[in-house]
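J.: Predicted structure and sequence below. I'll ask about it afterward.
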Amino acid sequence: MLGDTPAVFQQQTKSYPACGGLLCMLEWLILEFPALFSSASSPPRMKHCLEAALLLYQPYHQGNMAFTGKYEVESDENYDDFTRKIGIPSDIIEKGRNLKIVTEVAQNGNEFTWSQHYPGGHSMTNKFTIGKEADLETMGGKKFKATVKMEDGKIVADFPNYHHTAEISGGKLVEISTAGGVTYKRISKRIA
């Protein structure tokens, strides 16, 4: 029965995405093995059961839903140098400077919908699954195919002319893009 846990847990997580992953695992354990949680169970036995839940949870769902939220740009570094480096026209660079871009992320396990909303109503959305090739779009509007990865809790993608990472650090969305030795860093605060 424990060999089936990850698949069962994955289904539970999809059924109850707001429960935070670990709660789903604990709920599943309580329903599947009620004797472990009865008043007759000894505290050491319950402790071992909870430790098992944590061990089963971590490899399959570490960081599950960590990115979900709505973020507004708070600060950035090297915007001009980076956008020039990747070939954005100067008039577009000028229009984009100091914009309060809102990034909206919906994460369901390894599936992401990543949207950027710009003032004036323009939006761009990329949908991808970690480890699978997807059709994506650059900030300059170029469409391409890439496989997005997850490395040490960071989303990693190689765009046609820059390398991009995104992570949640201190409750903020931190994005770093690098092209030809120029690094652009954007920090966005959570607004929802």
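T.: The structure has been received and is ready for your questions.

J.: Would you mind listing the buried residues in stretch 94-106?
T.: The neighbour-count criterion (16 or more other Cβ atoms under 10 Å) identifies 101-106 as the buried residues of stretch 94-106. Any C-beta I mention is one placed from the backbone N, CA and C, and that applies to glycine too.

J.: And for stretch 170-186?
T.: Neighbour-count burial for stretch 170-186, with 16+ other Cβ under 10 Å as criterion, is recorded at 173-179, 182, 184, 186.

J.: Span of it from start to end?
T.: 14 Å (Cα to Cα, to the nearest Å).

J.: Just list the residues touching residue 99, thanks.
T.: Residue 99 is in contact with 73, 118-119, counting by Cβ atoms under 8 Å, 6 or more residues apart in numbering.

J.: try it again with 6 Å
T.: When contacts are counted by Cβ atoms under 6 Å, 6 or more residues apart in numbering, residue 99 is found next to residue 119.

J.: tell me which element it falls in.
T.: Here residue 99, judged by DSSP states H and E, is contained in no helix and no strand.

J.: Do I have it right that residue 106 meets residue 113?
T.: Yes - under the criterion of Cβ atoms under 6 Å, residue 106 makes contact with residue 113 at 4.4 Å.

J.: Give me the phi and psi angles of residue 80.
T.: phi -60, psi -50 (degrees, to the nearest 10).

J.: where does it land on pLDDT?
T.: According to the predicted model, the pLDDT of residue 80 comes to 94.

J.: Tally up the residues packed near it, please.
T.: Residue crowding around residue 80 was assessed by other Cβ atoms under 10 Å; the count is 15.

J.: Can you name the residues in contact with whatever helix or strand residue 82 lives in?
T.: The secondary structure element spanning residue 82 is helix 79-85 (assigned by DSSP H and E). Contacts with helix 79-85, where a contact means Cβ under 6 Å, 6+ apart, come from 93, 179-180, 182, 184.

J.: what do you get if the cut-off is 7 Å, keeping everything else the same?
T.: The list of residues contacting helix 79-85 from outside it, by Cβ atoms under 7 Å, 6 or more residues apart in numbering, reads 93, 96-97, 177, 179-180, 182, 184.
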